[in-house]
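1. I would like the atomic coordinates for the input below:
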Amino acid sequence: MGLPVRAAKAAILRGGIAGAAATVVLIGLGCQQTQSTNNGSGSPRAPSLPTRHTAGSSATHAGTAPTSTAPHSAAPRTIPSVRDFTPKSGPGWKPGKNSRVVADLKGPLADEARMIADELGLRTASGAPRRGDLSLAVAPGQGGGAEAYRLTVRKGAARVTGPATAGVFYGTRTVKQALRSGGKLPEGVIDDRPGRSQRGLNLDIARKFYTASWIEARLREMADLKLNQLGLHFSDDQGFRIQSDTNPEIVSPQHLTKAQVRRIVALAGQLHITVVPEIDSPGHLGAVIRQYPDLQLRNAGGTSFQGDVDISKPGSARIVDQLMREYAPLFPGRYWHLGADEYLALTVKDPEASFPQLEAAAKRKYGSQATVQDLATGWLNDRAAVARSLGKEPKAWNDGFFSGGVITPDKNIEVEYWTGRTRWSARPPVEYLREGRNVVNLNSEYLYYVLGEPNGFYYPTGKRIYDEWTPGTLRGTQPVSDKKLTGPSRVLGGRFAVWSDQPEAQTEQQVAKGIRLPLAALSQRLWDPGTPPLSWADFTRLANRLGV
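-> The predicted structure follows:
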């Protein structure tokens, strides 16, 4: 998406913890040493941070030193930082010779238990936990939502509980990172939960082919950062990248097989990541049009418009709906992305004069006052209806939503707001919010990694995201002024987007390196609504130490 035609649109997890019980002092983060009650050896701990008290409790934020003179612990250093920590006096916990990961190995946490056990080099067991163990349990009555967790370290044992399996899994990510950053889990209680419900990466595999193994590696990295959504944009003008049984002729030579996609989706499920498929329409369908040239949009003078189908032709809807129905079972997650951006028929000065066939179709379907805009809005609503019939909740890009027409965009389509950087007028984000729509933030100013940096785009830095961006900063650099409109129930979260406009500009390895710190920064800003507790320099050192 961008200027003028998205030429600017712009082992199962990482191996076991090296040095989990190490006694190295993390000088770069200002770590101090405390005396172990077990053997008297110095073990590192993270530095204290500015206090953030929880009302009615002595909880502190991410390592705040309590005012008491007792030798309390400090919260672990993790990315994202833990939100609330109640410190206690005690030795903390680290894996020992006889430590186990204890859970019901025939229950819902069997995978989570085996995963963290493999990472820590421990064995698993069912039954009652004992001193030295790490135990996992679902606690349905525990508050905070499905992704919340509580990590309790007491009397030589550690326990992770949560209302659902996702929260317990995130607790194990905190365990893994805490051992890497400080050598042990601090004595006390962590109560943690995300600030926003959607947190992730959007990947354009249509214009650049990414191998299944590369995508799987990104999923593992995302999981450690507590990110929970991978958007897959797999159809565009330059390529169609997933095997098709209904329309094999549209598939690019380099593509993912359905078996590979199933493995990707299965791994994502184990990591509590939802994969969101996107077949963009009615624009960005060039790979389809090459095989079905009769669907090409042309103006009254016969000029074709790259990647755009003629939505007055029944065949255009038929093939898109057929593809949606084919791929829906491949992606069992709750969302389907409809695209809907940059339909070029609406970028000309007089759409009705330029595309009389679209105007005529609009009037036939929606009445004498209908325009080309209404026909495009009807296309969006019709595709959303197909998505819902397939059990999916629809999403679409912000420039696919129009106001002032005979037909109104379906209120229940999530708005993925990416930009005002179009050559035609784009509605500001506050309009969508005032209409009561839910929005996801993909602000192209901060969150667009466009290969080759065309049309004024540049590779975004993690530092800018960390220092400047907020979930309410949906367009440009200024947040929406009315904060009541940008709370977690309205701006649901955000994704960092990789767009492959110039696919040869970077290798897979360069892309992975380039997006590492921006993803870490995004994770921090979406998980914890407060000011980041570390300077960017210290955050970078921590990310390097954690391997995220």
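2. in this protein, which residue is closest to the centre?
-> Computing the C-alpha centroid of the chain and ranking residues by CA atoms, centre = their mean puts Gly200 first, at 0.9 Å.
3. assumed that residue was part of a strand.
-> Yes: if the criterion is DSSP: H, G, I helix; E, B strand; the rest coil, then Gly200 is within a strand.
4. now for it: which residues touch it?
-> Listed by CB atoms under 8 Å, 6 or more residues apart in numbering, the contact partners of Gly200 are 222, 227-231, 273, 493, 495-496. Where you see a C-beta, it was placed from the backbone N, CA and C, and this is true even at glycine.
5. with Tyr149 instead?
-> 160-162, 167-168, 170-171, 174, 190, 192-193.
6. cutoff 7 Å now
-> 160-162, 167-168, 170-171, 192 (CB atoms under 7 Å, 6 or more residues apart in numbering).
7. report all helices and strands that whichever strand or helix holds Ala158 contacts.
-> Using DSSP states H and E, the element containing Ala158 is strand 157-162. Where contact means 3 or more CB pairs under 7 Å, 6 or more residues apart in numbering; DSSP states H and E, strand 157-162 is packed against strand 134-138, strand 149-154, helix 165-182.
8. the chain: helices as residue ranges?
-> 110-120, 165-182, 212-224, 258-270, 286-289, 314-327, 351-354, 356-366, 372-389, 429-434, 444-447, 462-467, 508-527, 536-546 (DSSP state H).
9. identify all contacting residues around the longest one.
-> Counting contacts by CB under 7 Å, 6+ apart, the residues outside helix 508-527 that touch it are 79-81, 194-196, 199, 201, 210-211, 214, 225-227, 449, 459-462, 465-466, 469-471, 493-494, 496, 498, 506, 532, 540, 543, 548.
10. ok, Glu352 - how many residues close by?
-> By the criterion of other CB atoms under 10 Å, Glu352 has 16 neighbours.
11. is it correct that it is in contact with Gln369?
-> No: look at Glu352 against Gln369 with CB atoms under 7 Å: they stay out of range, at 11.7 Å.
12. just to revisit the earlier point, could I get the helices of the chain as JSON lines with mean pLDDT?
-> Below are the helices of the chain laid out as JSON lines (pLDDT from 0 to 100):
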{"stretch": "helix 110-120", "mean pLDDT": "98"}
{"stretch": "helix 165-182", "mean pLDDT": "98"}
{"stretch": "helix 212-224", "mean pLDDT": "98"}
{"stretch": "helix 258-270", "mean pLDDT": "98"}
{"stretch": "helix 286-289", "mean pLDDT": "98"}
{"stretch": "helix 314-327", "mean pLDDT": "98"}
{"stretch": "helix 351-354", "mean pLDDT": "98"}
{"stretch": "helix 356-366", "mean pLDDT": "98"}
{"stretch": "helix 372-389", "mean pLDDT": "98"}
{"stretch": "helix 429-434", "mean pLDDT": "97"}
{"stretch": "helix 444-447", "mean pLDDT": "96"}
{"stretch": "helix 462-467", "mean pLDDT": "98"}
{"stretch": "helix 508-527", "mean pLDDT": "98"}
{"stretch": "helix 536-546", "mean pLDDT": "98"}
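13. return the most buried member of the ones you listed.
-> Of the helices of the chain, the one with the most neighbours on average (mean count of other CB atoms under 10 Å) is helix 165-182, at a mean of 25.
14. next one: that helix to chain centre, how far?
-> From the chain centre to the centre of helix 165-182 is a distance of 18 Å (CA atoms, centre = their mean, to the nearest Å).
15. equivalent analysis for stretch 89-96, please.
-> 33 Å.
16. how far does it stretch from start to finish?
-> By CA to CA, to the nearest Å, the extent of stretch 89-96 from end to end equals 20 Å.
17. and if you look at stretch 237-246?
-> 19 Å.
18. likewise for stretch 326-339?
-> End-to-end distance (CA to CA), stretch 326-339: 17 Å.
19. ok, of the contacts of Tyr149, which one's closest to Arg123?
-> Among those, Val160 lies closest to Arg123 (CB to CB), at 17.2 Å.
20. let me see the contact set for the closest residue to that closest one other than its chain neighbours.
-> Nearest in space to Val160, with sequence neighbours left out and distances taken as CB to CB, 6 or more residues apart in numbering, is Gly171 at 3.5 Å. Each residue near Gly171 by CB under 7 Å, 6+ apart is listed here: 149, 151, 160, 162.
21. hmm, 10 Å instead?
-> The contact partners of Gly171, by CB atoms under 10 Å, 6 or more residues apart in numbering, come to 82, 112, 116, 134, 136, 148-152, 158-162, 190, 192.
22. only the buried members of the residues you listed: can you turn that into a ChimeraX selection?
-> Buried subset of the contacts of Gly171, written as a ChimeraX selection, criterion 16 or more other CB atoms under 10 Å:
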select :82,112,116,134,136,148,149,150,151,152,158,159,160,161,162,190,192
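23. could you measure the closest residue in space to Arg325 that isn't next to it in sequence against Arg334, distance?
-> Nearest-residue entry for Arg325: Leu390, 6.6 Å, with adjacent residues in sequence omitted and distances by CB to CB, 6+ apart. For Leu390, the distance to Arg334 equals 11 Å [CB to CB, to the nearest Å].
24. comparing those two, which residue is more hemmed in?
-> Remark: of Leu390 and Arg334, Leu390 carries more neighbours, 16 against 10, as counted by other CB under 10 Å.
25. is it true that the more buried one touches Tyr327?
-> Yes: with contact defined as CB atoms under 10 Å, Leu390 reaches Tyr327; the gap is 9.2 Å.
26. shared neighbours of those two, anything?
-> Residues touching both Leu390 and Tyr327 (CB under 10 Å, 6+ apart): Trp336.
27. tell me, how many residues neighbour Pro532?
-> Counted with other CB under 10 Å, the neighbours of Pro532 add up to 18.
28. quick one, grab the pLDDT at it.
-> pLDDT, Pro532: 96.
29. residue contacts, it?
-> Here Pro532 is in contact with 49, 62, 80-81, 466-467, 521, 524-525, 538-539 (CB under 10 Å, 6+ apart).
30. same list (the residues you listed) but as a markdown table, adding distance to Ala345.
-> What follows is these, written out as a markdown table (distance: CB to CB, whole Å):
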| residue | distance to Ala345 |
| --- | --- |
| Leu49 | 53 |
| Ala62 | 51 |
| Pro80 | 43 |
| Ser81 | 47 |
| Tyr466 | 40 |
| Asp467 | 40 |
| Ala521 | 38 |
| Gln524 | 41 |
| Arg525 | 37 |
| Asp538 | 51 |
| Phe539 | 45 |
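31. pick the one among those residues closest to Ala384.
-> For these, with Ala384 as the reference and CB to CB as the criterion, the closest is Arg525, at 29.5 Å.
32. quick check: buried residues in stretch 442-460?
-> Neighbour-count burial for stretch 442-460 flags 442-452, 454-455, 457, 459-460 (criterion: 16+ other CB under 10 Å).
33. nothing else from me, thank you.
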